[in-house]
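Chemist: turn this into a model:
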Amino acid sequence: MAAVTTTTDLEYDPYDHDTIVNPHPLFRRMRESTPLYYNEKHDFFAVSRFDDIEKVLLNRDVFISRKGVTLDILKSDMEIPKGTVIFEDPPAHTIHRALLSRMFTPRRVSSLEPEIRRLCANLLDPLVGAGGFDMVADLGSQVPMRVISMLVGIPEGDQETVRDHFQGQRREGEGADGSSLSGDIFADYIDWRVEHPSDDIMTQLLYAEFEDEDGETRRLSRDEVLAYVNIVAAAGNETTRILIGWSGKLLAEHPDQRRLLVETPALVGNAIEEILRYEPNTLQNCRYAVADVELCGQTVPAESIVATLTPSGNRDEGHFEDSDRFDVTRKADRHLTFGFGSHYCLGQALARLEGRIALEEVLKRFPEWDLDDTGGKFMHFTDMRGYDSLPVVTA
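Modeler: All right, here's what the predicted structure looks like:
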């Protein structure tokens, strides 16, 4: 294996706003000329081709998750709270993921459709005739927050506070002491549920029994429950909010595709897959290499951080024909937006359901819309990108 060469005129900086707003031209160049990229300033490698991303995400023996999966957390070297499932490796991850998957069965998720549709109708009906609304503030920030809070067991009066807590953490950055992962904001709710069990995820986690990695049959500790609830609530708020924002943006920019959905509503589910492929909420997923490893014919040394560039893999010409074209009829179900392998997003079915219903209900009431002149407010972090605000103008 050859040592990594760094001679290139490309510069990929996940902290640069202008790059992240539209990374696709840069990522195309990386796929073509520098499929293994090294950023000397921030000391990380990046892979941009679909097959190489898949290789990293599937090789759990070399590319571990327990030190963190975002660049900020990996750089901070923080201690990850036990029970933070997305930052675990086998055997703990296998056991804990299986426990959490009980709360997101296909039957449980599909049963939520009538309630999600009523919620969308209640949010959108008052906006008819108003001349416009904010696709994120009025819809994207409301639907996932209400749904995941209901599932977790957050009282309605506290749901916006919980959502704003996570959005505030994103703006301020991850705490280097691990406080952003601890779930302390849920402590009072957990303590209440001990004495007042209910039909929600908090209660199920408190009383579920499982065999841990040491062969002991037990329940989760209080700290583990807090970490579980924290990661579920955070992911449940963020992913669908960003998806709904991109739906509004892309269908405003591609009115022919929007008209096709109005004429053929059965395509909306397929359109959600294309939106997820074309503009994923995830910028990159990171892993820590515990041994020397070959990537793209070169050697990545042990103790390196490797970033997998989701938007780049989703537009890899080797996997998606005419990959820069937005096409709601495309069969794009094998994209990387929800990850790959054993860390595949546990809540992906719920995110897809919420995104589909939200778009269906928008199109029923607003078959046409344009972006407001302000252009909205774009947000990005080292691992996510999307809109905090997206005003649209309607007839």
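Chemist: please name the nearest non-neighbouring residue to the most centrally placed residue in the chain.
Modeler: Geometric centre of the chain, nearest residue: Thr239, 4.3 Å, by Cα atoms, centre = their mean. With sequence-adjacent residues excluded and distances taken as Cβ to Cβ, 6 or more residues apart in numbering, Thr239 is closest to Ala351, at 4.8 Å. All C-beta spots, glycine's among them, are computed from the backbone N, C-alpha and C.
Chemist: Asp43 contacts Ala307, correct?
Modeler: No - judged on Cβ atoms under 8 Å, Asp43 makes no contact with Ala307 at a distance of 11.2 Å.
Chemist: checking my notes, the residue nearest to Thr239 in a helix, right?
Modeler: Yes - residue state for Ala351 (DSSP: H, G, I helix; E, B strand; the rest coil) corresponds to a helix.
Chemist: can you give me the end-to-end distance of stretch 292-308?
Modeler: 17 Å (Cα to Cα, to the nearest Å).
Chemist: and that stretch, how far out from the chain middle?
Modeler: Computed by Cα atoms, centre = their mean, to the nearest Å, the chain-centroid distance of stretch 292-308 equals 24 Å.
Chemist: so what touches the helix or strand containing Arg258?
Modeler: Taking DSSP states H and E as the definition, Arg258 sits inside helix 255-263. Helix 255-263 has contacts (Cβ atoms under 8 Å, 6 or more residues apart in numbering) with 250-252, 267-268, 271, 326-329, 359, 363, 367-368.
Chemist: verify the stated contact: Ile64 with Val293.
Modeler: No - shown here, Ile64 and Val293 do not form a contact pair, counting by Cβ under 8 Å, at 11.7 Å.
Chemist: hmm, back to that, of the contacts of helix 255-263, which is the most crowded?
Modeler: Highest neighbour count within the contacts of helix 255-263: Ala271, with 29 neighbours (other Cβ atoms under 10 Å).
Chemist: relative to Phe27, how far out is it?
Modeler: According to Cβ to Cβ, to the nearest Å, Ala271 and Phe27 sit 23 Å apart.
Chemist: what do you get for Thr34?
Modeler: Look at Thr34 and Phe27: by Cβ to Cβ, they are 10 Å apart.
Chemist: what touches both of the two?
Modeler: Common neighbours of Thr34 and Phe27 (criterion: Cβ under 8 Å, 6+ apart): Ser48.
Chemist: these two: which is more packed in?
Modeler: Shown here are Thr34 and Phe27; by other Cβ under 10 Å, Phe27 has more neighbours (25 against 19).
Chemist: could you find the closest non-adjacent residue to that one?
Modeler: Nearest residue to Phe27, sequence neighbours excluded (Cβ to Cβ, 6+ apart): Ser312, at 3.6 Å.
Chemist: check contacts around that neighbour.
Modeler: Neighbour list for Ser312: 23-24, 27-28, 30-31, 48-49, 53 [criterion: Cβ under 8 Å, 6+ apart].
Chemist: all helices of the stretch 101-250 of the chain, in order?
Modeler: Applying DSSP state H, counting those that start in this stretch to the stretch 101-250 of the chain gives helices spanning 106-110, 113-124, 143-152, 159-172, 187-195, 201-207, 222-253.
Chemist: which stretches of this protein have low pLDDT?
Modeler: 1-8, 83, 167-182 (pLDDT under 70).
Chemist: tell me which residues of stretch 358-371 are tucked away?
Modeler: Across stretch 358-371, burial judged by 16 or more other Cβ atoms under 10 Å covers 358-363, 366, 369, 371.
Chemist: can you pick out the most distant pair from the residues you listed?
Modeler: Greatest spatial distance in these: Glu360 and Leu371, 20.7 Å, computed using Cβ to Cβ.
Chemist: ends of stretch 133-149, what's the gap?
Modeler: Using Cα to Cα, the span of stretch 133-149 from its first residue to its last is 24 Å.
Chemist: likewise stretch 41-49?
Modeler: Stretch 41-49 has an end-to-end distance of 22 Å (Cα to Cα).
Chemist: likewise for stretch 329-337?
Modeler: Terminal residues of stretch 329-337 are spaced 18 Å apart (Cα to Cα).
Chemist: kindly report the same for stretch 261-274.
Modeler: For stretch 261-274, the separation between the terminal residues is 13 Å (Cα to Cα).
Chemist: what distance separates that stretch from the centre of its chain?
Modeler: Stretch 261-274 sits 21 Å away from the centroid of its parent chain (Cα atoms, centre = their mean).
Chemist: same question, stretch 100-112
Modeler: Using Cα atoms, centre = their mean, the offset of stretch 100-112 from its chain centre is 18 Å.
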